[in-house]
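In: the following comprises the amino acid sequence and a computationally predicted model.
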Amino acid sequence: QVQLVESGGGLVQAGGSLRLSCAASGRTFSSYAMGWFRQAPGKEREFVATISMSGRTTYYADSVKGRFTISRDNVKNTVYLQMNSPKPEDTAVYYCASDSSAYGMRYSLSAASWGQGTQVTVSS
């Protein structure tokens, strides 16, 4: 399994921008699909975005499509989530995840490895 550590969360105003990072340990980062999920208080964890091993294929939740961008740097062993024009309803704990399939994570909402999460709060 790969160890994942998120960073970059915090308080942001609606309409602003924020970038989350997730650093992965190990030499086989490029062998894993990566993803971002989130969980708001009182709600179940939900899919945000996933990216394939090569970075060529991405999936997004309809609620963030056009506003958020997932990307990865296989040299730095890091996956990013660029959050543009966030809304108060994007407030949640954001989790980084890794697994063998970006498509699989998107529909199963499960992953082999999870980070500890980083809080994102969007003020109106």
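Out: Yes, it's here. Residues are numbered from 1 along each chain as shown.
In: and the spatially closest residue to residue 111 that is not a sequence neighbour, what helix or strand is that in?
Out: Nearest non-adjacent residue to residue 111, counting by CB to CB, 6 or more residues apart in numbering: residue 97, 3.6 Å away. Where you see a C-beta, it was placed from the backbone N, CA and C, and this is true even at glycine. Taking DSSP states H and E as the criterion, residue 97 maps to strand 92-99.
In: and that strand, what does it pack onto?
Out: strand 4-7, strand 17-24, strand 33-39, strand 113-114, strand 118-123 (3 or more CB pairs under 8 Å, 6 or more residues apart in numbering; DSSP states H and E).
In: give the rounded mean pLDDT of that strand.
Out: Per-residue pLDDT over strand 92-99 has a mean of 97.
In: now do the contacts for the residue nearest to residue 111.
Out: Residues in contact with residue 97, defined by CB atoms under 8 Å, 6 or more residues apart in numbering, are 4, 34, 35, 36, 37, 105, 111, 113, 114, 115.
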